[in-house]
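# I would like the atomic coordinates for the input below:
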Amino acid sequence: MKILRDYWFSGLGPLIGIVAGVDDVTGEGKAYIGVGQGIDQEADAKYVAKTGAKLPLPILDEIRALLAPPGEKTTGKHAIQVNALQCGVLYGLILEANEAARKILKDVEKQLVALKLEAEEAAGVTKEILPGGMMRLTDKAGHVIVRDPLPYETEGN
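Take a look at the predicted model:
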């Protein structure tokens with residue numbers, strides 16, 4: 001399992017860890033809970049990922065709902081699986097949507113932008129504004145795309 005994040009809690013008893021990651025074979029997100037020794041965080045995280053109890057997402061959702069402040073809505077959020085092309089199409093549809101729809105989809109748009117920036121970073125993309133306002137994107141393999149900048153690339157500039 002590729003460990004994405006580990007969380008540690010200590011009290012009067014043993015050190016408790018929650019490890020979140022992605023299964024190497026299935027690509028499925030998983031979380032495990034277990035104990036660590038508190039000497040080597042990386043080793044403890046690997047140990048919990050290997051020997052810990054699986055922590056199902058519905059249990060985490062239930063705990064979140066139980067601990068939410070009164071009146072806070074904790075249901076209604078859903079994860080979907082999409083590929084890069086589907087993310088791009090969805091982002092394009094949001095950009096073309098009317099103002100009311102864009103307001104409703106603002107959080108989705110932020111998530112799509114974050115995914116795009118993460119993918120660009122992984123691909124070693126560099127960006128350059130060309131005379132006339134177009135943007136040149138070049139990845140580490142040398143592939144070049146010239147296009148109009150997207151709104152998030154020019155906001156605040």
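# First residue to last residue on stretch 125-140, what's the distance there?
6 Å (C-alpha to C-alpha, to the nearest Å).
# now it: how far from the chain's centre is it?
25 Å (C-alpha atoms, centre = their mean, to the nearest Å).
# Give me the below-cutoff pLDDT ranges for this structure.
71-77, 156-157 (pLDDT under 70).
# residue ranges for the helices of it, please.
41-51, 57-67, 84-96, 99-104, 106-122, 151-154 (DSSP state H).
# in the fifth one, what counts as buried?
Buried residues in helix 106-122, defined by neighbour count with 16 or more other C-beta atoms under 10 Å: 109, 112-113, 116. For the C-beta atoms, the positions are set from N, CA and C on the backbone; glycine is no exception.
# Adding distance to residue 52 as columns, could you present those residues in CSV?
Below are these laid out as CSV (distance: C-beta to C-beta, whole Å):
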residue, distance to residue 52
109, 35
112, 32
113, 33
116, 33
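# Of those, which pair is most distant in space?
109 and 116 (10.5 Å; C-beta to C-beta).
# Need the overlap of contacts for these two.
residue 91 (C-beta atoms under 8 Å, 6 or more residues apart in numbering).
# right, and the helices of the chain - which one's nearest residue 25?
helix 41-51 (13.7 Å).
# For the closest one, which helices and strands make contact with it?
Helix 41-51 sits against strand 2-9, strand 15-22, strand 29-36, with contacts defined as 3 or more C-beta pairs under 8 Å, 6 or more residues apart in numbering; DSSP states H and E.
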